[in-house]
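>>> Mind folding the following:
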Amino acid sequence: MTLFKNIFRLLWRAWFYILFTVSILVMIPFLLVLTYKEKYYPTFWKLIRTWSKVLIYGMGFYVEKTIEQQIDRDKSYLFCANHASMLDPFILIAMSKNPIVFVGKKELVKIPVFGFFYKKVVIMVDRSNPKSRKRVYEMAKKRLQNGTSMGIFPEGLVPTEDVILSPFKNGAFSLAIEFQIPIVPATYYDCKRLFSWDFFKGSPGKFRVRQHEFLETKNLTKDDVETLKQQTFNILYKELTNDTAYMEDTMKATK
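Purely as a prediction, here's the structure:
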């Protein structure tokens, strides 16, 4: 039975990469046009939302959302979620009708085809370059208009499976305070269990997502970054530690 499950999971994982690659190739003509100018970004976002849903549902997943506070379509926000799977960004994209600009790692540019379009639409961070932070601020200021928001995974990496939640980086919270936009914490409970980096683990199923009440940043200054960061961390950490399925999976990884 174990051998059969492992074969099924390998084939299932292979299907993800086939679906991912073929769908990008099909979209190339549209992506070339929609990434040519920034004014096309809202239309580009609609295409990417459709693509994200194709990947999620095509892998046999569906998203169950709990929304504690509704988004204003005309305002900008900074979405912060825990990071446990390569599907996390696609879940965030699929959930948001408003365009989101991501702050992402420069290393992903190396992925063939995907990397070409990635560098056109993502605000890339090069942690080895001191000038990178200034560039992030300049690009964020330019893009945070007309209801466009930002998305970031504040752990800065995908932690190993025995870690509940890695310490947050300061960047997301500095940005939120700099631009006086609310932080929207979001907890992803099932990504680690259903679609981790372990090819012999996971299965189709339900992704539960809780989008928490906003954390306002009005009148906050750079001196409040640490407090805001810890407040966001505590919200997600409490949710994850109170979730039986998430903690069982984490405990198994420690053995």
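>>> SS state for residue 63?
strand (DSSP: H, G, I helix; E, B strand; the rest coil).
>>> Pull the contacting residues for the nearest residue to it once chain neighbours are set aside.
With sequence-adjacent residues excluded and distances taken as C-beta to C-beta, 6 or more residues apart in numbering, residue 63 is closest to residue 207, at 4.9 Å. Every residue, glycine included, has its C-beta placed from N, CA and C. Shown in contact with residue 207 (C-beta atoms under 8 Å, 6 or more residues apart in numbering): 56, 61-64, 87, 91, 188-191, 194.
>>> out of these, who's nearest residue 151?
Residue 151 lies nearest to residue 91 out of these, by C-beta to C-beta, at 10.6 Å.
>>> can you pull the contacts of that closest one?
Here residue 91 is in contact with 52, 56, 63, 188, 191, 207, 209 (C-beta under 8 Å, 6+ apart).
>>> Quick one: low-confidence residue ranges for the stretch 151-255 of the chain.
255 (pLDDT under 70).
>>> which residues of it fall in helices?
Secondary structure of the stretch 151-255 of the chain, counting by DSSP state H, counting those that start in this stretch: helices at 171-178, 191-194, 225-241, 244-254.
>>> any idea how far residue 147 is from the residue lying closest to residue 183 once chain neighbours are set aside?
Of all residues not flanking residue 183 in the chain, residue 215 sits nearest, at 4.3 Å (C-beta to C-beta, 6+ apart). According to C-beta to C-beta, to the nearest Å, residue 215 stands 19 Å off from residue 147.
>>> which ones are touching residue 201?
residue 9.
>>> Go again with 10 Å.
Residue 201 makes contacts with 5-6, 9, 13, 161, 192-195, 249, 252-253, as judged by C-beta atoms under 10 Å, 6 or more residues apart in numbering.
>>> would you turn these into CSV with neighbour count and distance to residue 184?
Below are the contacts of residue 201 laid out as CSV (neighbours: other C-beta atoms under 10 Å; distance: C-beta to C-beta, whole Å):
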residue, neighbour count, distance to residue 184
5, 12, 37
6, 13, 38
9, 16, 33
13, 17, 31
161, 17, 26
192, 28, 21
193, 21, 23
194, 22, 23
195, 25, 23
249, 20, 25
252, 12, 30
253, 14, 28
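>>> Of the residues you listed, which is the nearest to residue 221?
residue 192 (35.2 Å).
>>> From residue 119, how far off is residue 110?
The value you get for residue 110 to residue 119, if C-beta to C-beta is used, is 10 Å.
>>> and these two? which has more neighbours close in?
residue 119 (14 against 9; other C-beta atoms under 10 Å).
>>> What residues does that one make contact with?
Residue 119 touches 35, 104, 106, 108-109, counting by C-beta under 10 Å, 6+ apart.
>>> how about a cut-off of 6 Å?
residue 109 (C-beta atoms under 6 Å, 6 or more residues apart in numbering).
>>> Give me the local confidence score for it.
Confidence at residue 119, expressed as pLDDT, is 70.
>>> wait, is it part of a helix?
Yes: assessed by three-state DSSP, residue 119 belongs to a helix.
>>> any idea how far it is from residue 169?
In terms of C-beta to C-beta, residue 119 sits 21 Å off from residue 169.
>>> repeat for residue 192
As judged by C-beta to C-beta, residue 192 and residue 169 stand 20 Å apart.
>>> One more: residue 229?
For residue 229, the distance to residue 169 - C-beta to C-beta - is 8 Å.
>>> More neighbours: which of the two?
residue 229 (22 against 17).
>>> Once you drop chain neighbours, what's closest to the more buried one?
residue 173 (4.6 Å).
>>> Now do the contacts for that neighbour.
Applying C-beta under 6 Å, 6+ apart, the residues near residue 173 are 225, 228-229.
>>> for these, which one is nearest residue 74?
residue 228 (23.5 Å).
>>> Can you get me a residue count around the closest one?
21.
>>> Please apply the same query to residue 243.
Residue 243: 17 neighbours (other C-beta under 10 Å).
>>> Tell me how far the residue nearest to residue 63 lies from residue 234.
23 Å.
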